[in-house]
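1. Provide a 3D model corresponding to the input given below.
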Amino acid sequence: MKVSPRRWIIGTAAAIAISIAAAVGFAGAVQAGFFRDTFLHFVSARAGRTISVEGALRIKIFSLTPSITAERVTIGNPRWMPPGRMAEIGELVLVFEMPRFHHRFGVSSLAMNSAVLHLARDAQGRANWQWRDPALPQTDKKLAIVRSLSVPQVQVTLDDERRHLEFEGTASAQAPAVQAPGAQASSAAETRPPGEAPEPLKISGEGTLNGRAASFEIIGDSLATASHRRPYHFSYSERASGSRLDGQGSLPRPFDFTAMDATFEANGLDLKDLYFLAGVRLIDTGSYQLTGKLERDGPHYFKFSDLSIHTGESDAHGSVSIDSTAARPKLDIDLTFGVLRMIDLGARAAGRGPTRPPFLLSETALRPGSLSHVDAAILVHADQVVIGKLPLRALTARGTLDHGVLTAQSLTAGLLGGELHGEGRLDLNQDPPLARIDLNIAGLELGHIPHKPPAPAPLEGAVRARIILTGKGRSLHEVVSTADGIVTLVVSGGTMRDSLAEATGMDLRGLGLLLSQDKRETAMRCVVGIFKERDGTLTIDDFVADTEPVLISGTGQIQLAGESLDLALRGEPKSLRLFRWRSPILIKGTLLHPSIELHPEKLQIIDRGAARDADCAALIAAADSAAQTAARSTR
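-> Predicted coordinates for the structure are as follows:
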């Protein structure tokens, strides 16, 4: 049967009319309070979480500004988070903005009273405040802009595993509405002279952040004039535990926080205290200043650039980027130091160290737990690194952090006229971490070792050394205090002050040289030392210094836990001596502050001088062989 166009039009119009009538009827029924459960089920399904209303629910649909008012509202966690409540709100008022030319559907105002928020984010970046599954691609970047906001005195708890932040306190957010032309102001806040700029968004709060009292304030552009066609600007300020963090930035797409550009400036008494503001685990320092830029491009990429850090006499510049696209975040660290003094780092620099004298080797500790969940590529340059009284120059270190193993693949530096090359490995999967250190030193000039001016250096010559240690600890000092390994040193030629050589085999001539502070030199044929370390005690296994007049041997040990010295040098003359004191030179004190003592033991009237030249070639070969054996055994 043929259907005429007239009947088709009439049928279509009737179907549309019935649909409109049904929609209006449903809307009217919802507005009248019917279909409450159906409405809440619909909203919960769209929000991806359970939303319940135990009190009154008033819905206003037939208006240019539809609204919802709900009492005793509970908002649950989304499906990508563990079960729980995200929010409990005494009263929630939402006023919607209907779509019109050049304007999308939006939220005219949001007000919450007597609210409690339980905010949480896991280490993978999944959060209960996210309104869509973060695992899904974001298709619409034009998020709805709330034009007016009134959220006074919200009780907030935050557990952010990704940024290591825990907050408990109160927060408030206010962004007054703009009065429409011809409308009657509902409050004094909405009444302002013509032409006056609308009030900005203000968010403030106070409480405890990571266990310390903290406060914060954010001031942003007016929500009333915010637009998807231009960036949204804001400034912020945080204070906690003696540190302050200030900055300003912009969101290219309001209010999409996956893209952001900001600058920041921080200062305080200890760089470690930034953890109580930013959740970043840093090391102890003294007073510091830190500036830089933050760029976020997408949900998984951060970059801190133009970093500038000053503490004590140390300064650094560089950049750090974080890519969390994969399961394990990847850091790219590039830092350049002008001067790095180890004394500027650690608990002692922050005024929290022990009262005893400082150690030569750094006590600055790593925190294994903070590094075990990320990987990194690391590049460090330093014009000068000062360790005690020893300066390293032109240091370059390249390394990686891979599944909790920190590897220094190459380390080069200038040391006292020579060159240092090394590598190392630190396994952070253990606590305390297991470390291996292998250092080669070549061309170190004995004459460059610090000594009291204007006296000339007591020793001249080039040193070749090898240091191979394996130990456990969170700091360099802890590692060497528990280490096993070997230290070898070789000087194949040079000079020694004549008085120092004669002092090891003390006779009347040597005493006279010392008393006259004689500056004459005697040739050194060789110096060879093999030191073996066991459980943090470095013991002389063999030590020979062969000079023209005297053959010197050494005994003793260094307790590295306290860096204490207990060494003795004894000289045997190679020619006849009269009235010779058998008097060893004792080296006491610490690595940082050594002292030299003379202890006469026995007067010998005649010493025939039975010592002979050492076999320097054999001694040097033995030292090199011992180092190579140790290197193979620790790989």
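2. report the central residue of the protein.
-> L282 (3.9 Å; C-alpha atoms, centre = their mean).
3. give me the distance between the closest residue to that residue other than its chain neighbours and S243.
-> Distances taken as C-beta to C-beta, 6 or more residues apart in numbering put L271 closest to L282, at 4.9 Å, once the chain neighbours are dropped. In this view, the C-beta of every residue, glycine as well, is placed from N, C-alpha and C. Going from L271 to S243 by C-beta to C-beta, to the nearest Å gives 8 Å.
4. where does this structure have its least confident helix or strand?
-> For the chain, using mean pLDDT, DSSP states H and E, the weakest element among its helices and strands is helix 508-515, scoring a mean of 44.
5. which neighbours does the next helix or strand after that helix have in its sheet, and in what orientation?
-> On the C-terminal side of helix 508-515, the nearest following helix or strand under DSSP states H and E is strand 521-534. Paired with strand 521-534 in the same sheet, following DSSP bridges, are strand 484-497 (antiparallel), strand 537-547 (antiparallel).
6. please convert those to a markdown table, extending it with mean neighbour count.
-> Listed next are those as a markdown table, based on neighbours: other C-beta atoms under 10 Å:
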| stretch | mean neighbour count |
| --- | --- |
| strand 484-497 | 21 |
| strand 537-547 | 19 |
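7. looking at those, which one has the lowest mean pLDDT?
-> Confidence, taken as mean pLDDT, is least for strand 484-497 of those (a mean of 91).
8. and that one, how far out from the chain middle?
-> When C-alpha coordinates are averaged (C-alpha atoms, centre = their mean, to the nearest Å), strand 484-497 and its chain have centres 38 Å apart.
9. please save the CA atoms from it in PDB.
-> Coordinates of each C-alpha in strand 484-497 appear next as PDB, following Å, rounded to 0.1, in the frame of the first residue of the first chain:
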ATOM      1  CA  ASP A 484      86.300  -4.900  52.000                       C
ATOM      2  CA  GLY A 485      88.900  -4.300  49.300                       C
ATOM      3  CA  ILE A 486      92.300  -3.000  48.500                       C
ATOM      4  CA  VAL A 487      94.200   0.300  48.000                       C
ATOM      5  CA  THR A 488      97.500   0.300  46.100                       C
ATOM      6  CA  LEU A 489      99.800   3.300  45.400                       C
ATOM      7  CA  VAL A 490     103.000   3.500  43.400                       C
ATOM      8  CA  VAL A 491     105.600   6.400  43.100                       C
ATOM      9  CA  SER A 492     108.200   5.300  40.600                       C
ATOM     10  CA  GLY A 493     110.500   8.300  41.300                       C
ATOM     11  CA  GLY A 494     110.700  11.700  43.000                       C
ATOM     12  CA  THR A 495     112.300  13.500  45.900                       C
ATOM     13  CA  MET A 496     111.900  13.700  49.600                       C
ATOM     14  CA  ARG A 497     113.200  16.300  52.000                       C
END
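10. longest strand in the protein, please.
-> Using DSSP state E, we find that the single longest strand of the chain is strand 106-121.
11. among the strands paired with strand 521-534, which comes closest to R348?
-> R348 lies closest to strand 537-547 among the strands paired with strand 521-534, at 23.7 Å (C-beta to C-beta).
12. P354 is in what secondary structure piece?
-> Assigned by DSSP H and E, P354 belongs to neither a helix nor a strand.
13. one more: L245?
-> Assigned by DSSP H and E, L245 falls within strand 243-251.
14. what residues does that strand touch?
-> Strand 243-251 has contacts (C-beta atoms under 8 Å, 6 or more residues apart in numbering) with 231-239, 257, 259-270, 273-274, 276-278, 294.
15. mind checking pLDDT for the residue nearest to the centre of the chain?
-> For L282, pLDDT reads 81.
16. now do the SS call for it.
-> The three-state assignment at L282 reads coil, by DSSP: H, G, I helix; E, B strand; the rest coil.
17. for it, give me its contacts.
-> Counting by C-beta under 8 Å, 6+ apart, L282 touches L271, K272, L274, Y275.
18. again, but for I387
-> M342, L360, L361, S362.
19. that older thread, mind putting the strands paired with strand 521-534 into a markdown table with distance to D323?
-> Listed next are the strands paired with strand 521-534 as a markdown table, based on distance: least, C-beta to C-beta, whole Å:
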| stretch | distance to D323 |
| --- | --- |
| strand 484-497 | 37 |
| strand 537-547 | 43 |
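20. can you count the residues close to P357?
-> 9 (other C-beta atoms under 10 Å).
21. ramachandran angles for it?
-> phi -60, psi 150 (degrees, to the nearest 10).
22. that one touches L591, doesn't it?
-> No - at 11.0 Å, P357 does not count as touching L591 under the criterion of C-beta atoms under 8 Å.
23. hang on, the earlier thing: out of the contacts of L282, grab the one that's most surrounded.
-> Counting by other C-beta under 10 Å, top hit in the contacts of L282: L271 with 25 neighbours.
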